[in-house]
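J.: here's my sequence, what's the structure:
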Amino acid sequence: MKVMAVNAGSSSLKYKLFEMPEEKVLCAGNADRIGHEDAIFKISHDGKKEEKVLPIMDHATGVRLIIDALMEKGIVKDLSEIEVVSHRVVQGGKYFSHSVVFDEDTAKKIDSLTPLDPLHAPAHLIGYRAFRKELPDALETAVFDTAYHQSMEEEDYLFPIPLELSKMYDIRRYGAHGTSHHYLVDKAIKDYFGGKALGVRIISCHIGSGASLTAARDGKCVATSMGLTPLGGVMMGTRTGDLDPSVMDYLADCLQKSCSEIYDIFNRKSGLLGVSGISNDTRDIEAAALKGDERAILSAKLFARRIADYVGQYYVRLGGADMIVLSAGIGENSPYFRKLILEDIQEALGLDIDYGLNETVFGGKQALLSKEGSKIKVAVIPTDEELMIARDGYLIKTGGLR
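T.: Purely as a prediction, here's the structure:
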């Protein structure tokens, strides 16, 4: 059975076609810079990579390009071979604790959650409708980033505001990157704990331009760092992460700007970009820091410290930890930032890290960085959100997930 995993962003459309249940990748790629005359379309298959620049003015055009490429390159002989299109959806709100069939009722609920995710929700809906038009006989499914975090207790997801406001307006910690965290926890349990989840305590760190941490016990989420929206939690590429709420009111008064304008600063101009004054890309910051740039060094240390703070918090929340997992763009590919983070926590948590090995791990490698005597295992595990998306789509189609 062929299952298409789709990740529609505000200006991008990532895709990966799987043969299931073998989990064989038949092709992968993305349409990037959607809405521009110089958009980029990429496809990889049979060990070959192709890329072209062309106008892609909307997501529907991106979907059409994917469908055409599949046929032209003989990846599928007939579109009916694609039985499932499984979509990543960032925000599932209170409605979805697991993956579901993507129908008009699902679409209506996702649309109602647009205020919590104004960048992604509209793109998810456009992607859903575009694929429904091109592949009307395929089952469409929705896999939610927030679903994995629905197992949190009230003490972990509520904010200390008047309770009636939380209940009336569904204000709570929803988290994000749940599909990635779920994959990382399952993979860690399978590879390092004999596949037995009971009693295993894992702190998973999805560290990219957007970053979040999750504490998991018995394979289930106990706590996660992102909040009502992806602005909360640890410092990120352009986002503040957690901060004193009074900063909002104080800055609005100082700059004579509205809360919306300050909110935009917190979302788009803060984090690594705001502190370094250089970039939101850790590669640029690392290069500047190694040349002695003081703001770059400060931003790198602040980023690492905020992540270390959450690791410590989750160590206490879980009553200890058996493994710390580092993943996503920075976690998988930056020995420099991994070292900063691990040095901040190694003494308190009794870590013994092979920093020589750390320098060699990037580009999709999985590795156990901790030595034999380390009190907690530390591993780099490349995430695979698309595989989780495809798995859930396959399970819904075959009746294994309801």
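J.: show me what contacts the closest residue to His182 other than its chain neighbours?
T.: Once flanking residues are discounted, His182 sits nearest to Tyr148: 4.4 Å by CB to CB, 6 or more residues apart in numbering. In short, each C-beta sits where N, CA and C put it, glycine included. When contacts are counted by CB atoms under 8 Å, 6 or more residues apart in numbering, Tyr148 touches Gly175, Gly178, Thr179, His181, His182, Thr214, Cys221.
J.: show the pLDDT at Ile126.
T.: Predicted confidence (pLDDT) for Ile126: 87.
J.: ok, the closest residue in space to it that isn't next to it in sequence - how many residues close by?
T.: Closest residue to Ile126 apart from its sequence neighbours, by CB to CB, 6+ apart: His59 at 4.3 Å. Residues near His59, counting by other CB atoms under 10 Å, number 27.
J.: repeat that for Lys94.
T.: 12.
J.: that one touches Asp170, doesn't it?
T.: Yes: under the criterion of CB atoms under 8 Å, Lys94 makes contact with Asp170 at 5.3 Å.
J.: right, and Ser327 touches His206 too?
T.: Yes: between Ser327 and His206 there is a contact under CB under 8 Å: 5.7 Å.
J.: so those two - more neighbours on which side?
T.: His206 (31 against 26).
J.: angles on the backbone of the more buried one, please.
T.: His206 adopts backbone torsions of phi -90, psi 100, taken as degrees, to the nearest 10.
J.: quick one: it and Gln313, what's the gap?
T.: Separation of His206 from Gln313 (CB to CB, to the nearest Å): 16 Å.
J.: contact partners for Ala8?
T.: Counted by CB under 8 Å, 6+ apart, Ala8 has contacts Lys14, His59, His87, Arg88, His120, Ala123, His124, Ile126, Gly127.
J.: my error: substitute Lys133 in the last question.
T.: Here Lys133 is in contact with Ala60 (criterion: CB under 8 Å, 6+ apart).
J.: so which strand or helix has it?
T.: helix 121-134 (DSSP states H and E).
J.: now that helix: buried residues?
T.: 121-132, 134 (16 or more other CB atoms under 10 Å).
J.: check stretch 221-239 too.
T.: 221-239.
J.: same question for stretch 209-223.
T.: Residues 209-217, 219, 221-223 are the ones in stretch 209-223 that count as buried (16+ other CB under 10 Å).
J.: again with stretch 51-70
T.: For stretch 51-70, the neighbour count (16+ other CB under 10 Å) marks Ile56, His59, Ala60, Thr61, Gly62, Val63, Arg64, Leu65, Ile66, Ile67, Ala69, Leu70 as buried.
J.: over to stretch 13-24?
T.: So, applying 16+ other CB under 10 Å, buried residues of stretch 13-24: Leu13, Lys14, Tyr15, Lys16, Leu17, Phe18, Met20.
J.: show the average pLDDT along that stretch.
T.: pLDDT averaged over stretch 13-24 gives 93.
J.: what does that stretch contact?
T.: 1-8, 25-31, 34, 59, 62-63, 66, 70, 75-76, 82, 84, 127, 386-387, 390-391, 394.
J.: so of those, which ones are in helices?
T.: Cross-referencing those against helices under DSSP state H gives His59, Gly62, Val63, Ile66, Leu70, Gly127, Glu386, Leu387, Ala390, Arg391, Tyr394.
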